[in-house]
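**Student:** The following comprises the amino acid sequence and a computationally predicted model.
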Amino acid sequence: MKTTNCTFNVFDDNYIVYSTAVIEDRLWSKSYSHIGNLSTLLDMLQPWAYKVDLWRCAMLWAFGGIYFDAETSLSIPPDKIFKLSAPNLQIFQDRTSEKCLYNGAMAADKGSRALVKIIARISKNVNKRSYGHEDSRNEPWLGITGPCTVAKALQYDTEVIVPGRFDGQTAYSTTNNKCFSVNGNLKRSDVNGKDGTESSHYGWHWANKRVYKHSGITDGH
């Protein structure tokens with residue numbers, strides 16, 4: 001990644017839909033149309049938490065850079081969290097017992113092959129209207145587009161850099177330095193979480209079978 005001329009951007013829902021369409025039309029469709037249409041995949045998902053899982057990968061693939069969830073508070077500068085000179089996808093180990101990868105903070109070069117693998121895995125899950133059991137036995141609501149799906153997609157990728165671990169609220173580097181934390185009011189809830197915060201949409205929509213806009217084949221659970 002480039003270490004100079006950085007810009008900081010915050011995106012709303014409308015821009016997510018718009019930018020996904022632009023990426024699909026101008027970039028993705030030219031090389032990876034066989035994996036799936038990004039705008040179609042985005043539209044098939046109901047909760048924004050799931051939509052954004054796909055969108056963040058598409059944005060980093062198209063432009064490169066660093067992604068942080070909006071509720072993230074940095075403890076140290078980004079260039080102390082990620083190695084900006086590295087072309088590899090960089091992503092933290094998540095707190096789950098299944099060694100999932102926390103996609104709330106990622107860094108990657110434009111055109112990252114690892115991100116293509118993640119998008120392909122999301123596309124597979126969405127097209128068969130999976131409810132995540134294939135990608136996660138313990139937390140299947142994270143196994144459709146989220147951290148457990150990311151880990152499944154990258155399980156054989158030896159080039160991915162894991163700079164540290166995320167315990168559910170705070171991330172630490174491999175040398176145990178605090179990197180960032182997540183606002184407690186927006187902290188990801190479990191499957192019984194109530195609708196109302198972005199992070200709780202994972203569990204609530206999953207439990208109520210509202211992940212997809214239209215009914216169809218699920219993974220049998």
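**Tutor:** In hand now; what should we look at? Residues are numbered from 1 along each chain as shown.
**Student:** elements contacting the helix or strand containing residue 172?
**Tutor:** Using DSSP states H and E, residue 172 sits in strand 170-173. Applying 3 or more C-beta pairs under 8 Å, 6 or more residues apart in numbering; DSSP states H and E, we find strand 170-173 packed against strand 164-166, strand 178-182. Yep, even glycine has a C-beta here, placed from its N, CA and C like the rest.
**Student:** Of those, which is nearest residue 11?
**Tutor:** When the helices and strands packed on strand 170-173 are compared by C-beta to C-beta, strand 178-182 sits nearest residue 11, at 18.1 Å.
**Student:** Flag every buried residue along that closest one.
**Tutor:** For strand 178-182, a neighbour-count test (16 or more other C-beta atoms under 10 Å) marks 179, 180, 181, 182 as buried.
**Student:** ok, now stretch 145-156?
**Tutor:** 145, 146, 147, 148, 149, 150, 151, 152, 153, 154.
**Student:** Give me the distance from it to the chain's centre.
**Tutor:** 9 Å (C-alpha atoms, centre = their mean, to the nearest Å).
**Student:** What is the end-to-end distance of that stretch?
**Tutor:** Using C-alpha to C-alpha, to the nearest Å, the gap from the first to the last residue of stretch 145-156 comes to 18 Å.
**Student:** If you count residues, where's the longest strand of the protein?
**Tutor:** Counting residues, the longest strand found in the chain (DSSP state E) is strand 101-108.
**Student:** Residues contacting that one, please?
**Tutor:** Where contact means C-beta atoms under 8 Å, 6 or more residues apart in numbering, the residues beyond strand 101-108 that reach it are 1, 53, 56-57, 60-61, 64-69, 72, 78, 81-82, 84, 88-95, 114-115, 146-147, 150-151, 154, 162, 166, 171, 179-180, 182.
**Student:** Among the helices and strands packed on strand 170-173, single out whichever gets nearest to residue 137.
**Tutor:** Once these are compared by C-beta to C-beta, strand 164-166 is nearest, at 20.1 Å.
**Student:** what comes into contact with that closest one?
**Tutor:** With C-beta under 8 Å, 6+ apart as the test, strand 164-166 has contacts from 92, 93, 94, 95, 102, 104, 105, 171, 172, 173, 174, 179.
**Student:** So among the residues you listed, where is pLDDT lowest?
**Tutor:** Per-residue confidence across the contacts of strand 164-166 is lowest for residue 95, with 87 (pLDDT).
**Student:** My guess is it contacts residue 171. True?
**Tutor:** No: Residue 95 lies out of contact with residue 171 (C-beta atoms under 8 Å); the separation is 9.8 Å.
**Student:** before we move on, back to that, got CSV for the buried residues of strand 178-182, with distance to residue 212 too?
**Tutor:** CSV is the format used below for the buried residues of strand 178-182 (distance: C-beta to C-beta, whole Å):
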residue, distance to residue 212
179, 34
180, 32
181, 32
182, 27
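**Student:** All set now, cheers.
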